[in-house]
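*Asks:* The sequence and its predicted three-dimensional model are supplied below.
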Amino acid sequence: MQIYEITGFKTGISKDGVNFLQPSDSFQNIKDGFVFRQVLQSRKGFKRFSVDALLDSTRIMGIFEHVVNYTDVELLAITKDFLYKYNEGTDTFDVIPMAGAAPVAGFGITNNEDYVSGTTYPFADGSNRFVFTGKGMANTYMYDGTDVKVFTDVADNITFQQPAASIGNLTNAHYVIWFGERLNLFNPTTNGQSNPQGMLYSAIRNAAGNGDKFNTSGAGLLNADTYQTINGASIVGDRIFVNFTRSSWTIEKTRDNFNPYFIRRVPSELGTDAGFSFVNWESFNISIGKTGIIATDGNSTRRIDTKIPAFTEDDMDSPEIQLTYSGFDRTTNQLLFSYKSIFTEELTQDRVLAYNYVENTWSIFRQRFSCFGQTDKGQSLIWDDIYKSDDSKASWDRWDTTEEIWKKLGLTASVQKTLAGDDKGYIYQLDQDNDDYFFPVLAPGITQAVQAELSIGYHAFEIGDKVVVESAEGMTEINNFDPENPSNPFTPWFVTAVTALTVSINCDSTTFDAWTTGGTISKVISFEAELIPFNPFRSEGRKVYISHVEFLLNTNDGYLTVDVFQDDEYENSEDEDGNGAAFIKDVIIKPTNTVKKKEWVSMSVNNEADFMTFRLKQASPSLHVEVYSIRIHCMPGGLSSG
């Protein structure tokens, strides 16, 4: 009997196909999980960053850090209608008033893909403001520390000066960057016409307000010599990287204040189709095009998705690729790309593609995030947030959800956090061991009906979500998850209908006792990891016989269930997840040793096939699992039929 141990996991499809499995390419699919520090684990959950949704409850179009006085940073969020500032004292986002020429009714962004770009940029006196613009906005705006005003209106911005008549009056743009002491606007709209290859730049900022002037010495319009359209712009080092639909360009500074920039094309046949998919890592600008995920260093452009070569073509909704939005999660070393998949009928994103740039691994999160951001703002964690000596419930009333939080006790709010927004005005903090989409049941509570209806206030659930109800009093029969024993098996409810303030689930509660008080509802995290097809003896023309498989698990993180597919059962299954096709299904892999941190747990296979595929799963609203290594005990089988 031979033993193949798989450790140091990396995701992707082995170039050797089904011939053998090697640690360098262990998994062909990971969903709601990832490899971190060479350990495979199901995804940690997330929690709401603030106590409630932003007031207008519309789609989050951008999350920004605004440097106020070079020492203090404000956390800002923009929805389709308003700009908000985070208030640490109340743990809420406050609406920033519209003033001057700004529309009282809000920005009125109508399209989901019309994201907002923003930057800190000083006034003439050196004090800082936040300038922001976007394709779906009527104007370029600024937040002056008190109100939102129109940047291009002289009554609101007394130092502003429109471009020369040959260029035309500026209204808005797609992207804005503070670079070279100038304000730089990409794909600007002037005289009602778009400049899809252009960058409009101001003069050098000074005490006379030249940083707001576009019709004075040193200001101008720079156009790329191409028919292509700008689809992104960002600073990498001392250059601006500009993403076009079929190429990448760099903008570099000169020593001539009157002609401050020159633009240079980076040799490439690849380009960017998703205008807010760009993210910077080391010296690279990484973005997404219909031909693949590309990285540009200013000298050349190459694809980085060789492990998932058909992803943008087969998994992304190509007509809606502009919905893609990128982020950076430094906690888990991941670049994040929220996108709309071909598997959804929703009007917005339903997946997040994650790339671990340290370990070269890919995974998919099934989550509905519209955009990403980061901050070191937030409320500090103290012991009383988790436990109170009088046994009353604190903000976290379950010990099992706090395992990853202990080491942060006593730290200030300055811990850097990765944030995400959604379509309903909620902002979340990622990498938390709290329940996803966690909402308390509110009066009038839970109805006695064929499909029980729960009153929970404004929420982010959608039809089809798997959920659990816990701690409801009176109607205890509806509780399908025990927070005191989270490893116990449970059957989730499904959300069957939603309104702004309620959710209905597939639970007939007509005969249940009446609800009296309490209860929560939260979404189930469904982790899956699929090994590449395994047969190390294919080159010898033999099948593989597998006696058993061992999994090295963390004993404190719940359990796995495992499915085993033989030959092409998975590929020929009726749905994308291969449900119902496994010849071995839902084998529970659960540690029993509570003393040691790690334990080997075995499952029997006792079968042979041309090749076998293993799928690891876990469904839980609160637990996550960690897999350190896998041992496959096998030997050559009969002659292969393939």
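*Replies:* Sure, I can see it. Residues are numbered from 1 along each chain as shown.
*Asks:* Do a quick rundown of the helices in the chain.
*Replies:* 311-314 (DSSP state H).
*Asks:* domain ranges for it?
*Replies:* What automatic domain parsing lists as the domains of the chain is 2-44+527-639, 47-308, 442-518.
*Asks:* Could you export stretch 109-128 as PDB, CA atoms only?
*Replies:* In PDB, the C-alpha atoms belonging to stretch 109-128 read as follows (Å, rounded to 0.1, in the frame of the first residue of the first chain):
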ATOM      1  CA  ILE A 109     -26.900  57.200  -9.600                       C
ATOM      2  CA  THR A 110     -29.100  54.700 -11.500                       C
ATOM      3  CA  ASN A 111     -26.800  52.000 -12.800                       C
ATOM      4  CA  ASN A 112     -25.100  49.400 -10.600                       C
ATOM      5  CA  GLU A 113     -21.900  49.500 -12.500                       C
ATOM      6  CA  ASP A 114     -21.400  53.300 -12.200                       C
ATOM      7  CA  TYR A 115     -19.000  53.300  -9.300                       C
ATOM      8  CA  VAL A 116     -17.500  56.400  -7.700                       C
ATOM      9  CA  SER A 117     -13.900  57.400  -7.600                       C
ATOM     10  CA  GLY A 118     -12.600  59.700  -4.900                       C
ATOM     11  CA  THR A 119      -9.400  61.300  -3.400                       C
ATOM     12  CA  THR A 120      -8.300  63.600  -0.700                       C
ATOM     13  CA  TYR A 121      -7.100  66.900  -2.400                       C
ATOM     14  CA  PRO A 122      -6.200  70.200  -0.500                       C
ATOM     15  CA  PHE A 123      -7.800  73.600  -0.800                       C
ATOM     16  CA  ALA A 124      -5.700  76.600  -1.600                       C
ATOM     17  CA  ASP A 125      -5.000  77.200   2.100                       C
ATOM     18  CA  GLY A 126      -3.700  73.600   2.500                       C
ATOM     19  CA  SER A 127      -6.700  72.200   4.400                       C
ATOM     20  CA  ASN A 128      -7.900  68.900   3.000                       C
END
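*Asks:* could you dump the domains of the chain to JSON lines with mean neighbour count and distance to Thr418?
*Replies:* Just so you know, the C-beta spots here come from the backbone N, C-alpha and C atoms, and that holds for glycine as well. Shown next, in JSON lines, are the domains of the chain (neighbours: other CB atoms under 10 Å; distance: least, CB to CB, whole Å):
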{"stretch": "domain 2-44+527-639", "mean neighbour count": "19", "distance to Thr418": "11"}
{"stretch": "domain 47-308", "mean neighbour count": "19", "distance to Thr418": "10"}
{"stretch": "domain 442-518", "mean neighbour count": "17", "distance to Thr418": "18"}
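*Asks:* So which of the ones you listed is nearest Asp431?
*Replies:* domain 2-44+527-639 (5.2 Å; CB to CB).
*Asks:* need the domains of the chain in JSON lines with distance to Ser338, can you?
*Replies:* As requested, the domains of the chain are exported to JSON lines (distance: least, CB to CB, whole Å):
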{"stretch": "domain 2-44+527-639", "distance to Ser338": "14"}
{"stretch": "domain 47-308", "distance to Ser338": "9"}
{"stretch": "domain 442-518", "distance to Ser338": "14"}
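*Asks:* With mean pLDDT and distance to Phe365 added, can I get these in a markdown table?
*Replies:* As requested, the domains of the chain are exported to a markdown table (pLDDT from 0 to 100; distance: least, CB to CB, whole Å):
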| stretch | mean pLDDT | distance to Phe365 |
| --- | --- | --- |
| domain 2-44+527-639 | 82 | 6 |
| domain 47-308 | 95 | 14 |
| domain 442-518 | 95 | 14 |
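*Asks:* how about those, which one is nearest Ser363?
*Replies:* domain 2-44+527-639 (3.8 Å).
*Asks:* Run the chain-centre distance for that closest one.
*Replies:* Relative to its chain's centre, domain 2-44+527-639 lies at 26 Å (CA atoms, centre = their mean, to the nearest Å).
*Asks:* residue ranges of the strands in the stretch 1-150 of the chain, please?
*Replies:* 2-6, 27-31, 33-36, 39-42, 45-48, 60-67, 73-79, 83-87, 92-95, 116-122, 128-134, 141-143, 148-150 (DSSP state E, counting those that start in this stretch).
*Asks:* Adjacent strands (with direction) for the longest one?
*Replies:* Taking DSSP bridges as the criterion, strand 60-67 sits next to strand 73-79 (antiparallel) in its sheet.
*Asks:* what angle do the strand it pairs with and strand 128-134 make?
*Replies:* Angular relation of strand 73-79 and strand 128-134 on a 0 to 180 degree scale: 20 degrees, by axes from the mean of the first three to the mean of the last three CA atoms, to 10 degrees.
*Asks:* relative to strand 116-122, how tilted is strand 73-79?
*Replies:* Between the axis of strand 73-79 and that of strand 116-122 there is an angle of 150 degrees, by the same axes, to 10 degrees.
*Asks:* Just give the nearest non-adjacent residue to Glu537, would you?
*Replies:* I think there's a mix-up here, since residue 537 is Phe and not Glu. Spatial nearest neighbour of Phe537, excluding adjacent residues (CB to CB, 6 or more residues apart in numbering): Pro636 at 4.6 Å.
*Asks:* Over to Phe132?
*Replies:* Phe132 sits nearest to Gly118 (CB to CB, 6+ apart), 3.4 Å away.
*Asks:* dump the residue contacts of the one you found.
*Replies:* 62, 64, 66, 76, 78, 130-133, 176 (CB atoms under 8 Å, 6 or more residues apart in numbering).
*Asks:* who does Arg201 bridge with?
*Replies:* Arg isn't right for residue 201; it's Tyr. Asn184, Gly220.
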